[in-house]
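>>> just need the structure, nothing else, for what follows:
(one chain, ligands or ions: 2)
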Amino acid sequence: MAIAATIPSAQFQGLRPVDAQGLTKKIVEPILKTENLWKLYRAGKVEVPALRGVNFSVAPGESVAVMGPSGCGKSTLLYTIGGLASASRGTVLVDGNDLATMSDAERTKLRRSKIGFVFQRFNLLPTMTAKGNIAIAQYIHGDGFDPHRFDVVTKLLGLEGRLNHKPSEMSGGEQQRVAIARAIINEPKILLADEPTGNLDTKNSDIVLEMLRQLNKELGQTIVMITHNPEAVTYFDRVVHMRDGVIVDGIPAD
Ligand SMILES: Nc1ncnc2c1ncn2[C@@H]1O[C@H](COP(=O)(O)OP(=O)(O)O)[C@@H](O)[C@H]1O
Ligand SMILES: [Mg+2]
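Numbers count the residues shown, from 1 in each chain. Ligands and ions are numbered 1, 2, ... in the order given. The predicted structure follows:
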């Protein structure tokens, strides 16, 4: 007999679901979590608070779009959760690992194994083909070329016909798809993307957003993406809004 594990009504929301044998079901831990995260930049004698107490959680397999005006701290949030910048205060947990308790070397290792980055600028190696740009990430990672993963990723991103072209022979949309392939080829748990469609026209933006949606739905790739594109709402599970260094969703306007 199948074990039922349902929450009977709204009054029990927030309680742990209990199965028919009275055993507590395992609650899924967030893959990414920040608690009261602050980031201060020093500009001369002045400290600029880029993040002012951000509480942010992402479940495994979720796709989250982060929106907000320029300068509100979106990139800082992404770089801090990705271990590219250190927190001034508060906690960042990546797959259960507290970044503040780790050495630089441990953080770098964690970032390389668990996180893929995509930026607005594609940053491809100009002298290499698309295939080379993607495959080199597998070699750097240390596991060598994995033809199966390579085929899955390049097919999903519609790159099969472009693999022998160099970046200068590809459109912006194609180059960004190569950059995404490079970012996920080693199966990172989290893909972090900072305005990946910021340099693309509407048509290519839509293609890239649709491919990110497919990566999420078909490969279960967890994605956090910063965007100014209101269309992202239709492609992603959840949209989070930032303003002045905090997440404002659920906070009443004053
Ligand atoms: N390296 C830095 N040094 C000093 N201030 C910075 C630095 N990076 C960002 N800032 C400041 O932090 C704030 C948030 O920046 P950022 O995270 O880039 O915002 P967004 O990505 O939302 O445009 C801004 O006021 C910006 O000027
Ligand atoms: Mg930014």
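
>>> where does Lys25 land on pLDDT?
Looking at Lys25, its pLDDT reads 54.

>>> so which helix or strand takes in the residue most central in space within the chain?
The centre of the chain sits closest to Leu192, judged by CA atoms, centre = their mean, with a distance of 2.7 Å. For Leu192, the host element (DSSP states H and E) is strand 190-194.

>>> does that strand reach ligand 1?
No. Judged by CB under 6 Å from any ligand atom, strand 190-194 and ligand 1 are separated, with a smallest distance of 7.3 Å. From N, CA and C alone the C-beta is placed, and that goes for glycine too.

>>> let me see the mean pLDDT of that strand.
The average pLDDT for strand 190-194 rounds to 98.

>>> in its sheet, what does the host helix or strand of Ala65 sit against?
Assigned by DSSP H and E, Ala65 falls within strand 63-67. When sheet partners are counted by DSSP bridges, strand 63-67 sits next to strand 222-226 (parallel), strand 238-243 (parallel).

>>> go through the ones you listed and name the closest to Gly44.
Minimum separation from Gly44 across the strands paired with strand 63-67 (CB to CB) falls at strand 238-243, 25.2 Å.

>>> ok, the helix or strand just after the closest one: who's next to it in the sheet?
Using DSSP H and E, the helix or strand that follows strand 238-243 towards the C-terminus is strand 246-247. Under the criterion DSSP bridges, strand 246-247 sits next to strand 238-243 (antiparallel) in its sheet.

>>> what about the longest helix in the chain?
If you go by DSSP state H, the chain has its longest helix at helix 202-219.

>>> which helices and strands sit right next to that helix?
With contacts taken as 3 or more CB pairs under 8 Å, 6 or more residues apart in numbering; DSSP states H and E, helix 202-219 sits against strand 63-67, helix 147-156, helix 172-184, strand 190-194, strand 222-226, helix 232-235.

>>> can you lay out these as CSV showing distance to Leu163?
Below are the helices and strands packed on helix 202-219 laid out as CSV (distance: least, CB to CB, whole Å):
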stretch, distance to Leu163
strand 63-67, 26
helix 147-156, 7
helix 172-184, 9
strand 190-194, 21
strand 222-226, 23
helix 232-235, 25
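
>>> of all these, which lies closest to Val208?
Among these, helix 172-184 comes nearest to Val208, with 5.6 Å by CB to CB.

>>> contacting residues for Gly158?
With contact taken as CB atoms under 8 Å, 6 or more residues apart in numbering, Gly158 is in contact with Arg177, Ile207, Met211.

>>> kindly report the same for Arg111.
For Arg111, the contacting residues are Gly82, Gly83, Leu84, by CB under 8 Å, 6+ apart.

>>> could you list the buried residues of the helix or strand it falls within?
In this structure, Arg111 sits in helix 104-114 according to DSSP H and E. By 16 or more other CB atoms under 10 Å, the buried positions in helix 104-114 come out as Arg107, Leu110, Arg111, Lys114.

>>> and stretch 173-188, by the same measure?
173-186, 188.

>>> about what we covered before: for the next helix or strand after the strand holding Ala65, which helices and strands make contact with it?
Where DSSP H and E defines the elements, the next helix or strand beyond strand 63-67 is helix 74-81. Using 3+ CB pairs under 8 Å, 6+ apart, the elements in contact with helix 74-81 are strand 32-43, strand 46-58, strand 63-67, strand 89-94, strand 190-194, strand 222-226.

>>> including distance to Arg121, could those go into CSV?
Converted to CSV, the helices and strands packed on helix 74-81 look like this (distance: least, CB to CB, whole Å):
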stretch, distance to Arg121
strand 32-43, 21
strand 46-58, 21
strand 63-67, 19
strand 89-94, 24
strand 190-194, 10
strand 222-226, 14
